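>>> Mind folding the following:
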Amino acid sequence: MWQLFKANFRKEFIEMIRYYPNTIAQIISLYLMFLAAFLGLKFIGNPASFDDNVQYTIVSMLAWLLAMASFGNPSVTILQEATRGTLEQLYLTPYRTWKIMFSRIVSQLLLTAIMAFILIVIIQITTNQWLNFNPLTTIPIMAVTFLSMVGVGFMMAGIAMVFKQIQNILQILQFILMGVVFFPLTIAPFLEVLPFIKGVNMLRDVMMKDLTLIDFTVMDYLSLCVNAIVYLSIGIFIFIKCELAAKQRGLLSQY
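Next comes the predicted model:
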């Protein structure tokens, strides 16, 4: 797995650097999206809660960006491999395909996290709103949180392997995800069963209220870990089943 991770991280990093205009344009577009939200809060929102609303928006956008990388990139990767005619080559390696995809998803997520960190620093300078980025608290919660979205990414990748064109489905899920990630659990506790929602709310508490790991209850960690394990397991299972169906129908070499 370490060798797979190094190879895929190097591949993703080279592509990000080689196509740097696209990378820069992505950062600019996300910054402009947040700037529009910030200006809306400034001129329309309640001045008494302006600071809290801006911080809430920053954390939510960070979570949304990383979630998009977790569940959207795997299916896009499968579509690119199929379009380029290199999907079958993944099956010539001695590694299971889901392991290759897992290492690629983690690589893409880490690179997206680096880009998101740069973006968040720029946004904080723009708004003069500073969050708590205690790495000893933020990184463990974030790592477990996005395992559930990796599971959703496996589901989408499996579906893409069979049906090929699922871009419109991804667009629908993107808007649904944006709406859900901004919704606090205090208003709708039942959303805790959805992937990564519990973790996002914990991250908000850490970054906005300066909480640490010891400030959360055992039930918080139990909910977070069970959610991640369940969705990751289901995602890998669906991916393997879709992979088997694609092999049986002879879809790996077709687009």
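
>>> Using CSV, write out every CA atom in the least confident helix or strand in the chain by mean pLDDT.
The helix or strand of the chain with the lowest confidence, counting by mean pLDDT, DSSP states H and E, is helix 73-84 at a mean of 77. Output in CSV follows, covering the C-alpha atoms of helix 73-84 (Å, rounded to 0.1, in the frame of the first residue of the first chain):
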residue,chain,number,x,y,z
ASN,A,73,-12.6,12.4,-7.9
PRO,A,74,-12.7,8.5,-7.9
SER,A,75,-15.5,8.4,-10.5
VAL,A,76,-13.9,11.0,-12.6
THR,A,77,-10.7,9.0,-12.5
ILE,A,78,-12.5,5.9,-13.7
LEU,A,79,-14.1,7.9,-16.5
GLN,A,80,-10.7,9.3,-17.5
GLU,A,81,-9.1,5.9,-17.5
ALA,A,82,-11.9,4.5,-19.6
THR,A,83,-11.7,7.4,-22.1
ARG,A,84,-8.0,7.2,-22.4
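
>>> what packs against it?
helix 97-127, helix 135-163, helix 167-181 (3 or more Cβ pairs under 8 Å, 6 or more residues apart in numbering; DSSP states H and E). Glycine gets a C-beta too; all of them are placed from N, C-alpha and C.

>>> Can you list the neighbours in contact with the last one?
Yep, that's helix 167-181 we're talking about. With Cβ atoms under 8 Å, 6 or more residues apart in numbering as the test, helix 167-181 has contacts from 60, 63-64, 67-68, 71-72, 75-76, 79, 156, 159, 191, 194, 197, 200.

>>> ok, which pair from the residues you listed is furthest apart?
Within the contacts of helix 167-181, 79 and 191 form the most distant pair, 29.5 Å apart (Cβ to Cβ).

>>> Please say which of the two ends up with more neighbours.
Using other Cβ atoms under 10 Å as the criterion, residue 79 and residue 191 rank with residue 79 on top: 20 against 16.

>>> The residue nearest to the more buried one when sequence neighbours are not counted and residue 116: what is the separation?
Once flanking residues are discounted, residue 79 sits nearest to residue 160: 5.5 Å by Cβ to Cβ, 6 or more residues apart in numbering. Going from residue 160 to residue 116 by Cβ to Cβ, to the nearest Å gives 24 Å.

>>> higher neighbour count, these two?
A count of neighbours by other Cβ under 10 Å puts residue 160 above the other of residue 160 and residue 116, at 26 against 20.

>>> Now do the same contact list for the more buried one.
By Cβ under 8 Å, 6+ apart, the neighbours of residue 160 are 74, 75, 76, 78, 79, 82, 166.
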